[in-house]
Structure formats: C-alpha cells, structure tokens
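**Q** prediction below, plus the sequence it came from.
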There are 2 protein chains.
Amino acid sequence: MPELSAARPKRADALRNIESILDAATECLADDADVSVADIAAAAGVGRITLYGHFKTRAELVDAVFARTMRKADEILASTDTTGEPGEALARLVAASWQIVHQQRNLLHAAQRELPPERIRGTHDRVLRRMQTLIARGQHEGVFRTDLPKQWLVTTAFSLMHSAADEVRAGRVKADDVPALITQTLTSAFTP
Amino acid sequence: MPELSAARPKRADALRNIESILDAATECLADDADVSVADIAAAAGVGRITLYGHFKTRAELVDAVFARTMRKADEILASTDTTGEPGEALARLVAASWQIVHQQRNLLHAAQRELPPERIRGTHDRVLRRMQTLIARGQHEGVFRTDLPKQWLVTTAFSLMHSAADEVRAGRVKADDVPALITQTLTSAFTP
DNA sequence: ATTATCTCGTACTTCGCTGTTCAGGTTGTG
DNA sequence: CACAACCTGAACAGCGAAGTACGAGATAAT
C-alpha cells in the first residue's frame, strides 16, 4: 500500500514551517524533555495552531523529531569508516555515536515517555544494527569475545555512552575525556 | 542541631499507616513511576488525605520511599561478603545489587523526575561507596586496572546493571542470565 | 474517661497542558 | 488573477493531578 489518496504536494511555506518546527522541537527537547507544545511553537516562530495543523498530537511530533534525528544519526554513522581493525573501527564508531547520544540525551527520554517501546526500538534499529554488524565482524575475526551474545555487547556499548552522558551532565566527567574512557573500557570488555 | 521542637512520638496507628503507605508506594512506584498519589493511598488502604497528613507533597513521599529503599539496599549489601579475591567479591556484590536495581528499576526514574540531582546523589551515596571501596581495594591489589578513574569503573558497573534491567523488562534477556552476563563483562573490563 | 491525635469522605480550588473551533487575514500556485 | 491552501490569534473545553478546607467520627495514650 503506497499511498491512499496521492497526497498532493504541500505548499512551500508549509514545508518551511514544518522544518522550523522540527528544528525548534529538536533543540527544545534536547534540553528539556517536558517542554510544552506551546513553547516549541514559539521557539519555531509559529503559532501553536499551525503546529497542530502539521502534527495532530504531541506524540506525533515527538515521533517525527525522534525519527528525523535517528535518520540523521544514521547518515553520520554511515559516513564513519567501520572497516579495518575491529578495535579501531569500534573506537571511531563510538566517538561518532557518542556525539549524538550526548547532544540528544533528553530526546530519548521524551520518546520513552510518549512512544510505545516497539516504536522506539524500530526507529533505533538501523543505528543499533551498525554497531551490531561491526561487533559481529569482530567476533568472526576472533578479535571480540564470542562467549557473550553480540546483542549484549551492543547493549553494553550504548549503556556506557548513555551513562557517560549523564556523568558529563552532572559535571563529574569532562566531555572530551569520554570517547577515550568508553573506548578503553569497551576494548577490554570485548576482548576474549 | 538534634531536633527543633522535640517532635513528640507519633501515635501507634499513625506509624502503622506510614508504614503501609511506604510499602504501597514502593510497590506502586516499582511498576509505574507515574502513579498518582491517589492510587498509592488506595493501595495502602488509606485515605488520600491521610497520606497528605504524613507527606506534605508528592515529592516528599517519593523522597521518603527512595531513602528507605536505599537504606534497605545498603543493609543487604552490608551483609554481602566483600572480602577475599576482588573479582569474586565483585561478582557477589553485583549479584546482590542487581536484585535491587532490577526490582526498583522505576523508582529511580520517579526520583529523577521529582527530586533534585544532589538529593538523589546523596541518598545513593552509601550504596555507591560500597562498590567504590571494593574497586579501590582491587586496584590496590593490582587485580583491577588503574588507568581509569575508579569513579568511572563504578559508573560502568551500575550502568550495566540498569541497562540489563531494561533489557529484561523488554524481554530480550532472561533475568537469571543477568548476573553472569554482567560479571563476565565487568571482569574483563576491569582487568588491566 | 477524657483528651489529643489521627482518619477520612466530600467537595473545592488551582494549575498547566493538550487539543479543537471559528473567523478572518495572508500567501503561494496554476 | 483567482482560488485553494495555509497561517493566525483568541477563546474555549476537557482532562488529570496536586493540594486544601472542613468537620464528624474513630482510636490510641495517660
């Protein structure tokens, strides 16, 4: 089922506004998962009613923001070199992922509060899969341990990134130190 | 400053109700961080107004529940043997901690939403310190790595426990497997 | 037994947010 | 240009939760 009623193209200004809204929402949600729709609309320089014209509910908006962010994240990760020695590739992938996790720490919280878990999982999927693929390769080449399920290793990696983000936020760790911290930890955690 | 105005002893039934409320709140918050005060009161078999008589605000209630849970957790951990080979002691400490983290997964979320971070940190402190002490000893004995700050190793340990709790909840990991999973991961992550 | 304490239902206020409706003005598109 | 799509503010309805006030009744302490 491609489309129901051909959905004629939106007008240019509508598209522009939608972009503004998504941009503003991304920013607002990044530093407060509880922002009101009104605040987002204001930040976008748009009427609240206009916003509702494009996104029927708050959840729909959050979903759109989350999906877009994940899509962008996936593009960034796609441009990260994951070839070569798995350990080094992991370091590169972690460094790139960390930036995104760190910047969007709150967006995930917002999503978790308003979206069903399956939906989050689905949207996350492609990003997770990149890590998973790399880990699988590392296991295959005998560089990463195989006594633990690769799914768990993925969880471990993201777990550390999220926790590190919290630590930075609390001022207990410097943001610049994080990639090294995580990489070193994961390197020993993953070696057989 | 011991006490301001001597706080005469509460009546027996009041104490009993306070206990009921804390018990009910602990249970309710454990499976939904967003329960209403009304629901908690109902679960405690107590009027909502009675609850407000003992806890001025919702935040105060959450704080009390959180503090009590951490106190109990600390007692459990206190009865855990942390002597002997650090690696094995860590395994025991993780197993014990994991139970608590797993059961109270949502309580932390509730606390994070309603309490100031410093407060959470403060209440958490004694529990974290146990892990930290063990890690310090392990480092001292040359069993755990020293190229990363011990604070970070503590973070790593708890990070994995919390993520594991999420995985279990999502049905991707069996609860019984978790202690081994975490222990194995941490063992390699911590060895130099 | 008397008193201070505690309980509890009902009903109310306050608050903030979401989502909708309406009516009129603006702007892009063909 | 003409029309449809779009934007807009203001105002409103609905909701759920927090917290308050009152007053009658139950219960524990001394």
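**A** Done, it's in.
**Q** for the residue positioned nearest the centre of chain A, what are its contacts?
**A** With distances taken as C-alpha atoms, centre = their mean, the residue of chain A nearest its centroid is residue A:70 (4.7 Å). Residues counted as contacts of residue A:70 (C-beta atoms under 8 Å, 6 or more residues apart in numbering or on different chains) are A:123, A:124, A:126, A:127. In short, each C-beta sits where N, CA and C put it, glycine included.
**Q** swap in residue A:102?
**A** A:161, A:164, A:165, A:168, A:175, A:178.
**Q** touching, residue A:136 and residue A:150? I think so.
**A** Yes. If you go by C-beta atoms under 8 Å, residue A:136 and residue A:150 touch, sitting 5.6 Å apart.
**Q** list phi and psi for the one residue in chain A that gets nearest to DNA strand D.
**A** Nearest residue of chain A to DNA strand D, counting by C-beta to the nearest atom of the strand: residue A:47, 2.8 Å away. Backbone torsions of residue A:47, given as degrees, to the nearest 10, read phi -70, psi 150.
**Q** surely it is in contact with residue A:40?
**A** No. Taking C-beta under 8 Å as the definition, residue A:47 is not a contact partner of residue A:40, at 11.6 Å.
**Q** neighbour count for these two, which is higher?
**A** Neighbour totals were compared for residue A:47 and residue A:40, and residue A:40 leads with 25 against 13 (other C-beta atoms under 10 Å in any protein chain shown).
**Q** wait, the more buried one touches residue A:51, no?
**A** Yes. If you go by C-beta under 8 Å, residue A:40 and residue A:51 touch, sitting 6.9 Å apart.
**Q** give me the common contacts of the two.
**A** A:21, A:61.
**Q** what does chain A put close to DNA strand D?
**A** When proximity is defined as C-beta under 7 Å from any atom of the strand, chain A approaches DNA strand D at A:10-11, A:13-14, A:17, A:45-50, A:53-54.
**Q** quick one: the residue nearest to the centre of chain A from chain B, how far?
**A** 18 Å (C-beta to the nearest C-beta, to the nearest Å).
**Q** which strand or helix spans that residue?
**A** helix A:58-78 (DSSP states H and E).
**Q** on the three-state scheme, the nearest residue to residue A:190 once chain neighbours are set aside is what?
**A** Distances taken as C-beta to C-beta, 6 or more residues apart in numbering or on different chains place residue A:144 nearest to residue A:190, at 4.6 Å, with adjacent residues excluded. Put simply, residue A:144 is coil when judged by DSSP: H, G, I helix; E, B strand; the rest coil.
**Q** how many residues are close by residue A:144?
**A** If we define neighbours as other C-beta under 10 Å, then residue A:144 has 24 of them.
**Q** what about stretch A:38-48, near DNA strand C?
**A** Yes. Residues of stretch A:38-48 are located near DNA strand C by C-beta under 7 Å from any atom of the strand, namely A:38, A:48.
**Q** surely residue A:83 is in contact with residue A:93?
**A** No. Residue A:83 sits out of contact with residue A:93 when judged by C-beta under 8 Å, with a separation of 11.1 Å.
**Q** more crowded one of these two?
**A** Neighbours per residue (other C-beta under 10 Å) separate residue A:83 from residue A:93, with residue A:93 holding more: 22 against 10.
**Q** now that one: which helix or strand?
**A** Taking DSSP H and E as the definition, one finds residue A:93 inside helix A:86-103.
**Q** ok, residue A:77 - contacts?
**A** Residue A:77 touches A:93, A:96, A:97, A:127, A:130, counting by C-beta under 8 Å, 6+ apart.
**Q** contact partners for the third one?
**A** With contact taken as C-beta under 8 Å, 6+ apart, residue A:97 is in contact with A:73, A:77, A:127, A:131, A:157, A:158, A:161.
**Q** now, among the residues you listed, which is nearest to chain B?
**A** residue A:158 (7.5 Å; C-beta to the nearest C-beta).
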